[in-house]
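In: the sequence isn't on hand, but the structure is:
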């Protein structure tokens, strides 16, 4: 019983002290400042809890600033904005970064591989069954896909001297080659000018 | 005491109290009731706890405890190869070959200084500051084919990479960014849309100060005279003629550096960027100026 009473008293003491502070902090009696109350200029000080921290008063709600319209620094902001579209490649004399530009002569061929939005050639390797099955996939083919299939088969057969299995999907416009022939296919596509 | 005073007192109390947010609310007392095992449920069965002993009493032992055996996690001696690996700073690599490719395909503008914001913007570099990524480690893959003349700021670079960039008349700086600044650099638009003032960049932690103050690493806190000396030394070591930057038409661009407290090029800490009205709010208040200076 005694402990309960003591704790109640403690609560009462705490409450009265708090209420006194609050009364001191009212708008009507700003003049009666207690020494503990401080302005928020001490930004670096951090208190562990609300109870121990002094009451903030004279809080600056509106800081003085200037609005600069059409600022000269706006070019730095524009530089940081993300691309709306992927930028077009400006033609150069050489491309040391191993990127190969498409050639115009490829447009006259009976088949065509268009570039991806990232200006890359859409030839990929697909591995399944934990890397045991490797399939080279050529996507985004236009024109005579069967003619292209024959040419690829002939090319790989002359190079590797063995039969190469392919699968042509006319509707989805891709050719799948069984085996890892990605570098060969890329080399062939760049030589054709795709 | 009239009711008016009570209302006023309550309002003043409310003003001084912290705002209600997710971290200081809780359920009403008694609103949540813990589920208990009904003794008469399912015909008074054992409810999956089994028969007899510790299991029946649902005495869930601590993890790894093997009921008196020397437990496995103490039986095998530990070797802390990876202790603290999740606290270490990670610098995901970007090769010079990729950088050259980014430049070739016009993803970055070489007429202005390149920093992590412009590299992340290209989409060729995946960067996650929340996974302890602290910036770009420019690696020497494609060191022989690199030809661009750039002013680049990375977070980590090897000697060969520094030589490859300076051979072409470029400038490289290694600079530290604290994780908060890296979040802003990763997506500046998202940050500007929040309407917050640009913060200051923090100084590097004690174990990184040595790297970023050394001229050999072209640290951003190094002495410029020592850096020019180190440039000359590196040129002699790798046997190339160091191009004179002073005579270069792009001299102003090559000399552009960020302040050690600056996050974005050209934008100072404390400024608020308004993307909608295309204006910048610059603080004039002494208190704010003091806060954002150094």
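Out: That came through, no problem. Just so we're clear, the structure is a prediction, and the values are computed from it rather than from any experiment.
In: identify the residues contacting the residue most central in space within chain A.
Out: Taking C-alpha atoms, centre = their mean, the centroid of chain A lies closest to residue A:82, which sits 9.8 Å from it. Residue A:82 sits next to B:121, B:187, B:189 when contact means C-beta atoms under 8 Å, 6 or more residues apart in numbering or on different chains. No exception for glycine: its C-beta is placed from N, CA and C like everyone else's.
In: as CSV, those with distance to chain A and secondary structure would be great.
Out: What follows is the contacts of residue A:82, written out as CSV (distance: C-beta to the nearest C-beta, whole Å; DSSP: H, G, I helix; E, B strand; the rest coil):
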residue, distance to chain A, secondary structure
B:121, 6, helix
B:187, 8, coil
B:189, 6, helix
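In: ChimeraX command for the buried members of these?
Out: Entered in ChimeraX, the line below selects the buried ones among those, by 16 or more other C-beta atoms under 10 Å in any protein chain shown:
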select /B:121
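In: now, which of the contacts of residue A:82 sits nearest residue B:77?
Out: When the contacts of residue A:82 are compared for distance to residue B:77 (C-beta to C-beta), residue B:187 wins out at 45.6 Å.
In: and the contacts of residue A:82 as CSV, adding pLDDT and distance to residue B:195?
Out: Supplementary listing: those in CSV, determined by pLDDT from 0 to 100; distance: C-beta to C-beta, whole Å:
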residue, pLDDT, distance to residue B:195
B:121, 95, 22
B:187, 96, 15
B:189, 96, 12
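In: just give the nearest non-adjacent residue to the residue nearest the centre of chain B, would you?
Out: A centroid search over chain B (C-alpha atoms, centre = their mean) returns residue B:179, at 2.5 Å, as the residue closest to the centre. Distance criterion C-beta to C-beta, 6 or more residues apart in numbering or on different chains; nearest residue to residue B:179, sequence neighbours excluded, is residue B:129 at 5.1 Å.
In: isn't the one you found right next to residue B:183, touching?
Out: Yes: counting by C-beta atoms under 8 Å, residue B:129 touches residue B:183, with 5.2 Å between them.
In: who's more crowded, the two?
Out: residue B:129 (19 against 16; other C-beta atoms under 10 Å in any protein chain shown).
In: can you pull the contacts of the residue lying closest to residue A:89 once chain neighbours are set aside?
Out: Distances taken as C-beta to C-beta, 6+ apart put residue B:105 closest to residue A:89, at 5.1 Å, once the chain neighbours are dropped. When contacts are counted by C-beta under 8 Å, 6+ apart, residue B:105 is found next to A:87, A:89, A:97, A:99, A:119.
In: just the buried ones from those residues, in ChimeraX syntax?
Out: Only the buried entries of the contacts of residue B:105 go into this ChimeraX selection, using 16+ other C-beta under 10 Å:
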select /A:89,97,99,119
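In: and the two most separated of the contacts of residue B:105?
Out: Spanning the widest gap among the contacts of residue B:105 are A:87 and A:97, at 14.8 Å by C-beta to C-beta.
In: need the residues of the stretch 1-150 of chain B near chain A, please.
Out: Residues of the stretch 1-150 of chain B found near chain A (C-beta under 8 Å from any C-beta of the partner chain) are B:8-9, B:12-13, B:16, B:18, B:97-107, B:109, B:112, B:117-118, B:121, B:142, B:145-147.
In: buried ones among these?
Out: By neighbour count, with 16+ other C-beta under 10 Å, the residues of the stretch 1-150 of chain B next to chain A hold B:12, B:16, B:97-107, B:112, B:117-118, B:121, B:142, B:146-147 as buried.
In: the strands in chain A, which residues?
Out: A:65-69, A:111-113, A:123-128, A:133-138, A:141-143, A:166-169, A:174-178 (DSSP state E).
In: out of these, flag the one nearest chain B.
Out: Nearest to chain B among the strands of chain A is strand A:65-69 (4.8 Å), distances taken as C-beta to the nearest C-beta.
In: pLDDT averaged over that closest one - what is it?
Out: Average pLDDT, strand A:65-69: 93.
In: helices and strands around that strand, which ones?
Out: Packed against strand A:65-69, as judged by 3 or more C-beta pairs under 8 Å, 6 or more residues apart in numbering or on different chains; DSSP states H and E, are the following elements: strand B:279-283.
In: avg pLDDT for the strand it packs on?
Out: 95.
In: average pLDDT for the following helix or strand past that strand?
Out: Per DSSP states H and E, the first helix or strand lying C-terminal to strand B:279-283 is helix B:286-292. The average pLDDT within helix B:286-292 is 89.
In: which parts of helix B:286-292 are buried?
Out: Residues B:288, B:291, B:292 are the ones in helix B:286-292 that count as buried (16+ other C-beta under 10 Å).
In: can you narrow these down to the ones near chain A?
Out: Within the buried residues of helix B:286-292, those near chain A by C-beta under 8 Å from any C-beta are B:288, B:291.
In: any chance of the buried residues of helix B:286-292 in a markdown table with distance to residue B:280 as columns?
Out: As requested, the buried residues of helix B:286-292 are exported to a markdown table (distance: C-beta to C-beta, whole Å):
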| residue | distance to residue B:280 |
| --- | --- |
| B:288 | 14 |
| B:291 | 18 |
| B:292 | 14 |
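In: quote the end-to-end distance of stretch A:103-110.
Out: End-to-end span of stretch A:103-110 (C-alpha to C-alpha, to the nearest Å): 15 Å.
In: ok, back up a step: which ones among the residues of the stretch 1-150 of chain B next to chain A are found in strands?
Out: Judged by DSSP E, these include no members of strands.
In: how about the helices in the chain?
Out: Defaulting to chain A. A:2-24, A:74-80, A:145-160, A:182-192 (DSSP state H).
In: correction: the question concerned chain B.
Out: Secondary structure of chain B (DSSP H): helices at B:3-16, B:53-56, B:72-75, B:96-104, B:116-122, B:159-167, B:179-186, B:188-193, B:206-213, B:224-238, B:251-254, B:286-292.
In: nearest to residue B:74, of the strands of chain A?
Out: Among the strands of chain A, strand A:123-128 comes nearest to residue B:74, with 41.9 Å by C-beta to C-beta.
In: strand partners of that closest one, parallel vs antiparallel please.
Out: strand A:133-138 (antiparallel) (DSSP bridges).
In: how about the strand it pairs with: buried residues?
Out: For strand A:133-138, the neighbour count (16+ other C-beta under 10 Å) marks A:134, A:135, A:136, A:137, A:138 as buried.
In: let me have the residues you listed in TSV, adding distance to residue B:277 as columns.
Out: Output for the buried residues of strand A:133-138, formatted as TSV (distance: C-beta to C-beta, whole Å):
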residue	distance to residue B:277
A:134	55
A:135	53
A:136	53
A:137	49
A:138	49
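In: any idea how far the residue of chain B positioned farthest from its centre is from residue B:56?
Out: For chain B, the largest distance from the centre (C-alpha atoms, centre = their mean) belongs to residue B:43, which lies 58.5 Å off. Using C-beta to C-beta, to the nearest Å, we find residue B:43 at a distance of 17 Å from residue B:56.
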